[in-house]
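1. structure for this input, please:
(2 chains)
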Amino acid sequence: MSGWIYWGIVALVIVGVVVGINIWLPKGSKGRRRLKWSLWALAILIVGGFLHYTLPRHDIVRVVNTYQERQDLHDWTRIFWSSPDDQAGTLANRDVQFIQTVLANGDPMVYRNEDTGWSWPPYFKFDTANLQTEAEDLKSTAANPQWVAVTRYGWRIVYLSTFPNAVGIRPVAGPDATIIPWVNIVLLIAFVILVLLFRRMWLQFRERSIDPLLENVEEAWESVDERADLAAGRARGVWGRFTGWLRTWKGTPRK
Amino acid sequence: MIALIRLALFGFIGLSVIYFLVSVYSRSVRREKLERRWDEYPPEGQGNAERSAYIEAGMRDYEKGLRKKLIWLVYVIPMIVVAVTVYLVNYQ
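-> Numbers count the residues shown, from 1 in each chain, chains lettered A, B, ... in the order given. This next block holds a predicted model:
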């Protein structure tokens, strides 16, 4: 019963918002335009944030240490940790490996080192233990630094204790080595091509399937109109005036 | 192992949806092209029956052609990408 009430309230709110938008922000008004742009900005923000989190990025760092720490995985920040294949779904905590590093500008940076397995994001990483060994092998001191490029995805959010996941590590010449993000270039181009393809597909579908349908409906409407006019011409009594008045409620035909 | 099966299953479903949409789109584009080709230079003294016969013949050629077979790349390319990613991430 409470489920019905809940969904009823949700439906009422949606209907209310739609009706409210149409009353207070009519088509073509300034507020409507602002709302439209806000929604677009929100969509771009969400898609951009998603890509920024998921796509691989490179840091040039000096590995300082590696460690392993038990992590609680029971609250909503669970989404910032991986779900390795061999882990039970109900597991409340487990050990996670970390790589402590220092960026070229001296700021600290800590990565988690976890398998992604076959789940999201699709890095198909299974070599966590090997990566930890490589990182251990590349440790160096500030006096005699060995700079490495770490490929990683994710965000370091200090307040939520989230860490980017290291995916690869390799030595580079110095702290200002340039790395061309080939993977991102290819993936973003593919993404744009896919978006354009789906847009093209939708337009083709509309042109070939929806527009002819709408034209049929429009023709049907026009024939109804003609018949109504004929009838009005015949009757011209109270009924004729009534239908004439009804027709004043019909807006201009929409294309 | 469960995760691999899940990926294979949902990947197959997702790619099948894309395969279906792309093949509908490709067929629609081909039909439109055939219509245009006929309408631009309609042969003398031929009517709607010949026009639809021409289009149906063109569509039969399309069903047998290379272009339709290329849509299988919808399945092939993601599988190659996954295999290459597994190799690059884990064996380098």
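2. quick test: name the residue nearest the centre of chain A.
-> A:Val47 (3.6 Å; CA atoms, centre = their mean).
3. what about that residue, distance to A:Leu188?
-> If you measure A:Val47 against A:Leu188 using CB to CB, to the nearest Å, the figure is 12 Å. Just so you know, the C-beta spots here come from the backbone N, C-alpha and C atoms, and that holds for glycine as well.
4. A:Val17 too?
-> Distance check for A:Val17 against A:Leu188: by CB to CB, it reads 34 Å.
5. more crowded one of the two?
-> Relative neighbour count places A:Leu188 above the other of A:Val17 and A:Leu188, with 13 against 10, counting by other CB atoms under 10 Å in any protein chain shown.
6. got a list of contacts for the helix or strand containing the more buried one?
-> When secondary structure is defined using DSSP states H and E, the element that contains A:Leu188 is helix A:182-205. Under the contact criterion CB atoms under 8 Å, 6 or more residues apart in numbering or on different chains, helix A:182-205 has outside partners A:Leu51, A:Leu55, A:Pro56, A:Arg57, B:Leu21, B:Val22, B:Val24, B:Tyr25, B:Ser28, B:Val29, B:Glu32.
7. show me those residues that map onto helices.
-> A:Leu51, B:Leu21, B:Val22, B:Val24, B:Tyr25, B:Ser28, B:Val29, B:Glu32 (DSSP state H).
8. of those, buried ones?
-> Among the ones in helices among the contacts of helix A:182-205, those scoring as buried are B:Leu21, B:Val22, B:Tyr25, B:Ser28, B:Val29 (criterion: 16 or more other CB atoms under 10 Å in any protein chain shown).
9. A:Pro181 is in contact with A:Thr151, isn't it?
-> No - using CB atoms under 8 Å, A:Pro181 makes no contact with A:Thr151, being 9.5 Å away.
10. what touches both of these two?
-> A:Pro56, A:Arg57, A:His58.
11. residues contacting the second one?
-> The neighbourhood of A:Arg57, defined by CB under 8 Å, 6+ apart, consists of A:Thr151, A:Arg152, A:Tyr153, A:Pro164, A:Pro181, A:Asn184.
12. if we go to 7 Å?
-> Residues touching A:Arg57, when contacts are defined by CB atoms under 7 Å, 6 or more residues apart in numbering or on different chains, comprise A:Arg152, A:Tyr153.
13. measure it to B:Ser26 for me?
-> Computed as CB to CB, the A:Arg57 to B:Ser26 distance reads 36 Å.
14. now the last one
-> The span separating A:His58 from B:Ser26 equals 38 Å under the rule CB to CB.
15. find me the pLDDT at residue 7, would you?
-> In the absence of a named chain, chain A is used. The predicted local distance difference test score for A:Trp7 is 89.
16. the chain in question should be chain B.
-> Per-residue pLDDT puts B:Leu7 at 89.
17. can you pull out the helices in the stretch 51-200 of chain A?
-> Assignment of helices within the stretch 51-200 of chain A using DSSP state H, counting those that start in this stretch yields the ranges A:128-137, A:182-205.
18. can you tell me which of those helices is nearest to A:Met109?
-> Closest of the helices of the stretch 51-200 of chain A to A:Met109 is helix A:128-137, at 12.4 Å (criterion: CB to CB).
19. neighbouring contacts of that closest one?
-> Residues external to helix A:128-137 that are found in contact with it (CB under 7 Å, 6+ apart): A:Val63, A:Thr66, A:Gln97, A:Ile99, A:Asn113, A:Glu114, A:Asp115, A:Ala166, A:Ile169.
20. and those, which two are furthest apart?
-> Every pair in those was compared (CB to CB); the two farthest apart turn out to be A:Val63 and A:Asp115, at 19.8 Å.
21. got the residues of chain B near chain A?
-> B:1, B:3-4, B:7, B:21, B:25, B:28-29, B:32, B:82, B:85-86, B:89-90 (CB under 7 Å from any CB of the partner chain).
22. from those residues, pick the one nearest A:Leu25.
-> Looking at the residues of chain B next to chain A and their distance to A:Leu25, the nearest is B:Leu21, at 34.1 Å (CB to CB).
23. list the contacts of the closest one.
-> Contacts here follow CB under 7 Å, 6+ apart; on that basis B:Leu21 touches A:Met201.
24. distance of it from A:Phe191?
-> Plainly put, B:Leu21 is 17 Å away from A:Phe191 if you go by CB to CB.
25. cool, B:Val81 as well?
-> 13 Å.
26. so where do the helices sit in chain B?
-> If you assign secondary structure with DSSP H, the helices in chain B sit at B:2-40, B:48-64, B:66-70, B:73-90.
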